[in-house]
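# could you look at this predicted model? Sequence included:
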Amino acid sequence: DAVREAVGQASGGAAAFVDMDRIAREIASPKLADSWRAVQCSENHDIVRQDRGWRIPKIADSDDSQSWYARSRSRVALGLTLTAAGIAQLFMGQEFLEDKQWSDQPHSGHEIGWDNLSQARVDFLRFSRELIATRNRLPGLTGSGLNVFHVHNRNRILAFHRWLPGAGHDVVVVASLNETTFHEYWLGFPLPGFWAEAFNSDIYDNWMNPWMVGNGKGVYTSGAGMHGLPRSADIAIPANSILIFVRSC
């Protein structure tokens, strides 16, 4: 899985290579011809069995699965699952940062950690709930329109355009697995005008994050064409984050 691999690569430190290209390819080309039929997930009962793979928070930070690195990288992984084209699948506990592998054996020590609802997990649950609500509220995130227009491995940035064919409802999603914030990042946009910042994952860290980096109410696409799109804007991208912009007429 491209997202799991990229999160693991990011855990190697600021200088480590992160293959954002592979994520871009998998988002741009779901295995089914009808992209809306593809099931998107980064965890399931086969992937995270106790004899197979780790859960995302452990991949993100093997020493502390509730650290900032684990929390923020896990938000990116779940954010990509919920903004890619197709049917989003969350595995039990993924919505609140569960880090234990799965087992079908009772009393195995791998049970869901309902008794360990730390503040980090409560904040992550809020993030999951509100991102799901954002997905349901924006038709562009449930349509089949998709264009991955920017990917940069060194910057660890990925951006794609979602829309509902024949109706519009244009959305731009920006994902970062960079440990550093970009305060002035020029990015292409598919249409002129004002794009509201509809979702910013950075606010959910230590809710409400007093050090959140964002774009206020949104950005104007005042720049010339860029990344194969007709307009561009200068945006702030928080470290390890998911941003969602929606065109506001």
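That came in fine, so what should we check first?
# all strands of the chain, in order?
In the chain, the strands defined using DSSP state E lie at 39-40, 87-88, 145-152, 157-164, 168-176, 182-189, 194-200, 218-220, 231-237, 241-248.
# elements contacting the second one?
The elements that strand 87-88 packs onto, with contact taken as 3 or more CB pairs under 8 Å, 6 or more residues apart in numbering; DSSP states H and E, are strand 39-40. In this view, the C-beta of every residue, glycine as well, is placed from N, C-alpha and C.
# how confident was the prediction at the residue of the chain most remote from its centre?
Note on the chain: the largest C-alpha distance from the chain mean falls to His107, namely 33.1 Å (CA atoms, centre = their mean). Per-residue pLDDT puts His107 at 85.
# I'd like the numbering to begin with 35 instead of 1 from here.
Happy to do that; since the first residue is 35 now, the last one works out to His141.
# and it, how far is that from Ser99?
22 Å (CB to CB, to the nearest Å).
# repeat that for Leu175.
Leu175 is 28 Å from Ser99, by CB to CB.
# can you give the strand pairings for the helix or strand of the chain with the lowest mean pLDDT, parallel or anti for each?
Here the helix or strand of the chain ranked lowest by mean pLDDT, DSSP states H and E is strand 73-74, holding a mean of 88. Strand pairing for strand 73-74, using DSSP bridges, gives strand 121-122 (parallel).
# contacts for the strand it pairs with, please.
With CB atoms under 8 Å, 6 or more residues apart in numbering as the test, strand 121-122 has contacts from 70-75, 115-116, 169.
# tell me which of those residues has the lowest pLDDT.
Trp70 (71).
# can you pull the pLDDT of the residue lying closest to Trp229 once chain neighbours are set aside?
Spatial nearest neighbour of Trp229, excluding adjacent residues (CB to CB, 6 or more residues apart in numbering): Phe279 at 4.2 Å. Listed pLDDT for Phe279 reads 98.
# next: Lys65.
For Lys65, pLDDT reads 61.
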